[in-house]
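**Q** starting from these lines, generate the structure:
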Amino acid sequence: MKKYLIHSTDLEHDGQRYFEGDTIELDDAEAARLIKWLNPLEQPLESFKPLEPQEPIEQPLKPPETLESEAPTKGTKR
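**A** I've put the predicted structure just below:
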């Protein structure tokens, strides 16, 4: 039996309700019927580590550059 992560829906399997984000263990035949709502877990979910927070990058905002061909000219309406 392999473990899968349920996505995009809730499932009812063998009388039990599984919600999006839950993990479920299924054999190959059961997984084949539900595969469009499953992502295989190749390693245990507990082994994933959250990303470390990073300092925000401070960059001054620059005004958008206007191409000369897009710049309005005198006497024309946009």
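**Q** host element of the closest residue to residue 41 other than its chain neighbours?
**A** Excluding the flanking residues, the one nearest residue 41 by C-beta to C-beta, 6 or more residues apart in numbering is residue 3, at 4.4 Å. In this view, the C-beta of every residue, glycine as well, is placed from N, C-alpha and C. Element membership of residue 3 [criterion: DSSP states H and E] is strand 2-6.
**Q** so where do the helices sit in the protein?
**A** Applying DSSP state H to the chain gives helices spanning 28-34.
**Q** where does the prediction get shaky in it?
**A** The chain contains residues with pLDDT under 70 at 43-50, 64, 66-78.
**Q** related to what we said a few turns ago, flag every buried residue along the strand holding residue 3.
**A** Applying a neighbour-count criterion of 16 or more other C-beta atoms under 10 Å, one finds 3-4, 6 buried in strand 2-6.
**Q** torsion angles phi and psi at residue 27?
**A** As for residue 27, its main-chain torsions (degrees, to the nearest 10) stand at phi -80, psi 170.
**Q** for it, which non-adjacent residue is spatially closest?
**A** Computed as C-beta to C-beta, 6+ apart, the closest residue to residue 27 that is not its neighbour in sequence is residue 1, at 5.4 Å.
**Q** please name the residues that touch the one you found.
**A** 25-27 (C-beta atoms under 8 Å, 6 or more residues apart in numbering).
**Q** rerun at 10 Å
**A** Contact partners of residue 1, counting by C-beta atoms under 10 Å, 6 or more residues apart in numbering, are 24-28, 30-31.
**Q** and for residue 17?
**A** By C-beta under 10 Å, 6+ apart, the contact set of residue 17 is 10-11.
**Q** many thanks, have a good one.
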